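>>> sharing a model prediction with you, sequence too.
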Amino acid sequence: MKRHSHDATRRRVRLPRPVTATLALLTVAGLALSGCAAGTAGGAENASGTPVKGGVLKYRAAGGGKSFDPATTTGYGLAVPVRGLVDSLVFNSEDGTFAPWLATEWTVNENATRFTFTLRTDVTFSNGEKLDAAAVAASYQALRDGGAKYAVANQWIGALEQITTPAPDTVVFDLAKPNSSFLQAASSTVLGIVAPETSKLPFEKRQEGLGIIGSGPFVANESRGEEGYTLTRRDDYAWAPEPAQNQGPAYLDKIEVHNIQENSIAAAELRSGGLDLLHNTEPADKTEFAGSSEITIRREPLPGSALGFAANIEIPGLDDVRVRRALSLAVDRDAVLARASAIDIPPKGAYTASNPYFTDQSDKIRSDVGAAKRLLDEAGWRPGQDGVRTKNGDRLSFELVYSPSTISHEPNIAVVQSQWKDIGVELKFGSLTQAELNQRLQSGNYAFSWGSGTRPDADVLRSTYGGLDEDLDAVFDKILAEPDIAKRKTLAAQASATILDEAYYIPLYDFIQPLAYRNSTHLPLFEATHIPWLGDAWVDQQ
């Protein structure tokens, strides 16, 4: 049996630290800090100073509705406050290691088909129900019963065969197929544990109002419908993740969540002090905040897959690797980045540079317009009367589809459109409603989709690039069957290299979809997903 701890070795996992009454100064050595060298710009390091108890954190979420079901809140920005409602079995630190949370220890068998967790015995949900093995099993089973309505959650869980509870403090997950990514999934907000009262609710009821009950440091006690909601501190909270300096109740009194759709309005509110923390900004605002003395902006790309065009290889033209390689070679990424914000960075692989499984493969991402034209000639595509290449009556014309959340990237996409026009390729693009986009993607009626993913795990590429290539699928299967982190990283590098060599993906840049916050806001601890753990957060008092 492999017994996993912070570095996923065979050592036994340490038990959580006892709650301490004394609040120590937060130091760089002790925590993953938002003030680390590459992580911020503008202002002082946010982890300096003594935490202050009390106050309200005003947070902007984009694209939210009245639901704050963690299992459907798969977008980064919406998950930030929801994390305050639910705890997870383990904590995934920014360096990719795991630490105790609701589980004090865990074991993984040799082929990653059995995961056994030993639970804390002092945890309760905010409605008074006790967290035990039966409650954890019910929380997961509710997602399985929801089927496609919880598509992301169930993909991450994998081929779950059964959940057993041999003791009140022991829960065992048996999988029909290996899934070494299960531990990372178990650390996520999406698989955050809800109370049995919530697990019993039908899907539709979980999407309404205040139905989500968790064991987290905050409780949802006010819903403003589409406008947002308010979380209030839970005063008896005492089971923070092991890396948290604050093992007791949260410092903040409340978190006010405001669903502000317009990025420009949210940015103006942050400047004026009407907001303390926001997710997502326009390129110009990112550039401004990066030089601000009053605002901090995180500079790391979200840990997942890099941003670019994912090819549908069933489309004529894109079924030829020479055409796909030509399109990648025709992209001048320096010119694209010149239209992006000052803090977006060049891609160096299929994974973003902040993914724990990233390997620098920037030698596979280059620009060569001459080589691009030669490849298209070789593939039999000749310039037509309007400049667009043709072959057997087909025009080399492609459509990129995406959701409204990608609209801010359109000036950058237009740069690619111009570059492809120079080699005789037409690119059309435009946003679709989420329902329209889902329909197009499911039917295969598209040439390129906006490819990216946010998950600090080697398996993040499979959802986009699985099923394209038998050899690549074999690597994905090996990743899922390999619990050892070092070996998984080697396999992840193989997967990334194949995706780039076969040009299944046209990389553009590592997009910074950041948190920006006033320097009066302090966020000492971040998960590997770059979600701040708000039980440690505080705001300066006037």
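Now that the structure is in, tell me what you want to look at. Residues are numbered from 1 along each chain as shown.

>>> pull the longest helix from this protein.
Determined from DSSP state H, the single longest helix within the chain is helix 485-501.

>>> show me the contact partners of that helix.
7-8, 96, 180, 349-351, 356-357, 359, 361, 364-365, 458, 461, 465, 469, 471-472, 475-476, 478-479, 482, 504-505, 507 (C-beta atoms under 8 Å, 6 or more residues apart in numbering). Quick note: C-beta positions are derived from backbone N, CA and C, even for glycine.

>>> give the buried residues for it.
For helix 485-501, burial by neighbour count (16 or more other C-beta atoms under 10 Å) applies to 485, 488-489, 491-500.

>>> and it, average pLDDT?
For helix 485-501, mean pLDDT rounds to 95.

>>> what packs against the helix or strand just after it?
Counting by DSSP states H and E, the next helix or strand C-terminal to helix 485-501 is strand 505-509. If you count contacts as 3 or more C-beta pairs under 8 Å, 6 or more residues apart in numbering; DSSP states H and E, strand 505-509 packs onto strand 304-311, helix 321-329, helix 333-339, helix 410-421.

>>> could you check the angle strand 505-509 makes with helix 410-421?
For strand 505-509 against helix 410-421, the angle by axes from the mean of the first three to the mean of the last three C-alpha atoms, to 10 degrees is 130 degrees.

>>> and strand 505-509 with helix 485-501, angle?
Using the same axes, to 10 degrees: strand 505-509 against helix 485-501 is 100 degrees.

>>> just the helices and strands packed on strand 505-509: most buried one?
Most buried of the helices and strands packed on strand 505-509, by mean neighbour count (mean count of other C-beta atoms under 10 Å): strand 304-311, with a mean of 26.

>>> tell me the angle of that one relative to helix 321-329?
Using the same axes, to 10 degrees, one finds that strand 304-311 and helix 321-329 are set 120 degrees apart in direction.

>>> strand 304-311 - contacts with which helices or strands?
Applying 3+ C-beta pairs under 8 Å, 6+ apart, we find strand 304-311 packed against strand 448-454, helix 462-465, strand 505-509.

>>> so which of these is nearest residue 113?
helix 462-465 (17.4 Å; C-beta to C-beta).

>>> quick one: contacts of whichever helix or strand comes after the closest one?
Sequence order places helix 470-481 as the next helix or strand after helix 462-465, per DSSP H and E. For helix 470-481, contacts defined as C-beta under 8 Å, 6+ apart pick out 111-112, 158, 177-181, 458-459, 461-462, 465-467, 488, 491-492, 494-495, 498-499, 502.

>>> likewise stretch 395-405?
62-63, 309, 315, 317-318, 323, 376, 381, 384, 388-390, 409, 413, 424-434, 437, 440-441, 446-450.

>>> all helices of the stretch 151-300 of the chain, in order?
Counting by DSSP state H, counting those that start in this stretch, the stretch 151-300 of the chain has helices at residues 151-157, 182-186, 196-199, 203-206, 263-272, 283-290.

>>> among the ones you listed, which is the most enclosed?
Stretch with highest mean neighbour count among those: helix 182-186 (a mean of 24; mean count of other C-beta under 10 Å).

>>> render the CA-only coordinates of that helix in PDB, please.
C-alpha atoms of helix 182-186 as PDB (Å, rounded to 0.1, in the frame of the first residue of the first chain):
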ATOM      1  CA  PHE A 182      -8.700  11.300  -7.600                       C
ATOM      2  CA  LEU A 183      -6.700  12.700  -4.700                       C
ATOM      3  CA  GLN A 184      -6.500  16.100  -6.400                       C
ATOM      4  CA  ALA A 185     -10.200  15.900  -7.200                       C
ATOM      5  CA  ALA A 186     -10.900  15.200  -3.600                       C
END
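
>>> report the angle between the axes of the longest helix of the chain and helix 470-481?
Using the same axes, to 10 degrees: helix 485-501 against helix 470-481 is 160 degrees.
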